[in-house]
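S.K.: Here's my sequence, what's the structure:
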Amino acid sequence: MNITFRKQPGLNQYGIAFFWEMQITSDDERTFQDTLIPELFFDFFCIQEGQITQRDLQGNNVNAYSNSFIKPIFTQPLLFDYHLPIRCFGARLTPRFVAGFTKNLGQPNTLSTADWFPDFSEDLKQFGIHFEHTIKAHWDDTAVAYLTPTLEETAQFKTYSPRHKRRLFKKRFGISQKEMGNIQKVHAFLAQSCDFSSDNPHIIDYLDDDHFYDQSHLNHTFKKMTGLSLLDYFDENTVLQDNLMAVSYNELAE
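M.R.: Predicted coordinates for the structure are as follows:
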């Protein structure tokens, strides 16, 4: 089996972190399982070849996609089956995009079909052009961005009352700021240069007191969010998310 992942710069003015392409091929037709844990990004998927099937947490098939769909913020694991060979384009979307884009982005924990433009693109560059044309046609320049790229409240958003902020947040992101904060803490931990390759990794050495006061606090939060222990997570198949997270962490660091 051969896995290829490519990225292309996004459009900062629209809150698009980057565009990406994933291709998985094999000598025979097969199904490849992938696990994605909650992240603070929306993602647009445009399948060029093959099919992606979503499974529920019990392993039952619930939906199959062979065109385009939106992945909003999930507060629970997302299980995919890739029916090979598969080729898929995507766009990683930040809170800035969520604030300014006027089309419906669906509900949390639910994938939504998004037939925004022609399903087929010859390559990643053309996909980016198609995506940009769609954004320009459905963009609100007057929209207030709620969060900065580092997920802090913007100056204007801070002026709103707590009740108004909660209502706006829930409407646009589908989750509360507290739920978003828990996801952010987990990824702040994962973004560190932790070496878990040894037989007995000392997770406690990587804890940030601002996020988790001890290892049991981290373990409980991580297990509740992902359904996995930390060590089980690192043993999971996370092909797409490993690549997306690596690029995202680098973008934020820069």
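S.K.: hey, which strand is longest across this structure?
M.R.: Of all segments of type strand in the chain, defined using DSSP state E, the longest is strand 78-93.
S.K.: Might you calculate how far that strand sits from the centre of the chain?
M.R.: 12 Å (CA atoms, centre = their mean, to the nearest Å).
S.K.: What is whichever helix or strand comes after that strand packed up against?
M.R.: Once the chain leaves strand 78-93, the next helix or strand it forms, by DSSP states H and E, is helix 95-100. Packed against helix 95-100, as judged by 3 or more CB pairs under 8 Å, 6 or more residues apart in numbering; DSSP states H and E, are the following elements: helix 162-173. In short, each C-beta sits where N, CA and C put it, glycine included.
S.K.: what about the helix it packs on, average pLDDT?
M.R.: What helix 162-173 shows for mean pLDDT is 91.
S.K.: Relative to Gln241, how far out is Arg92?
M.R.: 11 Å (CB to CB, to the nearest Å).
S.K.: same deal with Gln48?
M.R.: Using CB to CB, which is the criterion applied here, Gln48 is 20 Å from Gln241.
S.K.: looking at it, Pro149 is touching Arg96, isn't it?
M.R.: Yes. Pro149 sits in contact with Arg96 when judged by CB atoms under 8 Å, with a separation of 7.4 Å.
S.K.: out of those two, which sits in the more crowded spot?
M.R.: Arg96 (21 against 14; other CB atoms under 10 Å).
S.K.: And the pLDDT at that one?
M.R.: 92.
S.K.: so who does it touch?
M.R.: Remark: with contacts taken as CB atoms under 8 Å, 6 or more residues apart in numbering, Arg96 is in contact with 14-15, 145, 147, 149.
S.K.: Over to Gly106?
M.R.: The neighbours of Gly106, taking CB under 8 Å, 6+ apart as the test, are 70, 72, 112.
S.K.: ok so, going back, if you average the pLDDT over the longest strand of the chain, what comes out?
M.R.: With pLDDT averaged residue by residue, strand 78-93 scores 96.
S.K.: Listing partners with orientation, what would you give for it?
M.R.: Paired with strand 78-93 in the same sheet, following DSSP bridges, are strand 16-25 (antiparallel), strand 31-36 (antiparallel), strand 42-55 (antiparallel).
S.K.: Which residues belonging to that strand are considered buried?
M.R.: Of the residues in strand 78-93, those scored as buried under the neighbour-count criterion (16 or more other CB atoms under 10 Å) are 78-93.
S.K.: Buried ones among the contacts of Gly106?
M.R.: Buried residues within the contacts of Gly106, defined by neighbour count using 16+ other CB under 10 Å: 70, 72.
S.K.: Make CSV from the strands paired with strand 78-93 and add mean pLDDT to it.
M.R.: Formatted as CSV, the strands paired with strand 78-93 follow (pLDDT from 0 to 100):
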stretch, mean pLDDT
strand 16-25, 97
strand 31-36, 92
strand 42-55, 96
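S.K.: As a markdown table, the ones you listed with distance to Asn2 and mean neighbour count would be great.
M.R.: Below are the strands paired with strand 78-93 laid out as a markdown table (distance: least, CB to CB, whole Å; neighbours: other CB atoms under 10 Å):
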| stretch | distance to Asn2 | mean neighbour count |
| --- | --- | --- |
| strand 16-25 | 5 | 21 |
| strand 31-36 | 11 | 17 |
| strand 42-55 | 14 | 19 |
